[in-house]
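*Asks:* no letters, just coordinates:
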């Protein structure tokens, strides 16, 4: 069992702004793209997570959980967990979003909504991921489309 999986059993995630995979890959998630971070990164400590919503995906293959860092309520957290072994496939932490508290599936995408209006959008397990902040869209203007 990885350190990430062991910590998740206590509802803790790494305090790193971005997406961390169970295999050690790190991604920077922006409005227009998801980019793998190639250079070595100094990772932060661990955050306790308060889960505010969860939903099974893809016929019970995964469960997505979202919420906030207990220490800092303005930090949003999303975790994609495998229902086969209950270990995180990846974790996403955002210090720009506020807590994530709703999950909606739409057209094969999962939309995780925050209390500030930010949207974390992904296709499981990890085909794409975007963080849309209030007032923006993937088209560069607030046209209401996700």
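*Replies:* On my side now, so go ahead. Quick caveat: nothing in here was measured; it's all calculated off a predicted structure.
*Asks:* which stretches of this structure form helices?
*Replies:* Applying DSSP state H to the chain gives helices spanning 3-8.
*Asks:* counting residues, which strand of it comes out longest?
*Replies:* Longest strand in the chain, counting residues (DSSP state E): strand 46-57.
*Asks:* which helices and strands does it pack with?
*Replies:* Applying 3 or more C-beta pairs under 8 Å, 6 or more residues apart in numbering; DSSP states H and E, one finds that strand 46-57 contacts strand 12-14, strand 62-69, strand 76-82, strand 100-106. Where C-beta positions appear, they are placed from N, C-alpha and C, glycine not excepted.
*Asks:* could you dump the ones you listed into CSV with mean neighbour count, distance to residue 134 and mean pLDDT added?
*Replies:* Shown next, in CSV, are those (neighbours: other C-beta atoms under 10 Å; distance: least, C-beta to C-beta, whole Å; pLDDT from 0 to 100):
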stretch, mean neighbour count, distance to residue 134, mean pLDDT
strand 12-14, 20, 24, 95
strand 62-69, 22, 17, 96
strand 76-82, 24, 13, 96
strand 100-106, 16, 14, 95
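*Asks:* could you export those as TSV, including distance to residue 31?
*Replies:* Below are the helices and strands packed on strand 46-57 laid out as TSV (distance: least, C-beta to C-beta, whole Å):
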stretch	distance to residue 31
strand 12-14	22
strand 62-69	19
strand 76-82	15
strand 100-106	16
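*Asks:* circling back: give the partner strands of the longest strand of the chain in its sheet and their orientations.
*Replies:* Partners of strand 46-57 in the sheet, by DSSP bridges, are strand 12-14 (antiparallel), strand 62-69 (antiparallel).
*Asks:* export those to a markdown table and tack on distance to residue 1?
*Replies:* Listed next are the strands paired with strand 46-57 as a markdown table, based on distance: least, C-beta to C-beta, whole Å:
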| stretch | distance to residue 1 |
| --- | --- |
| strand 12-14 | 14 |
| strand 62-69 | 18 |
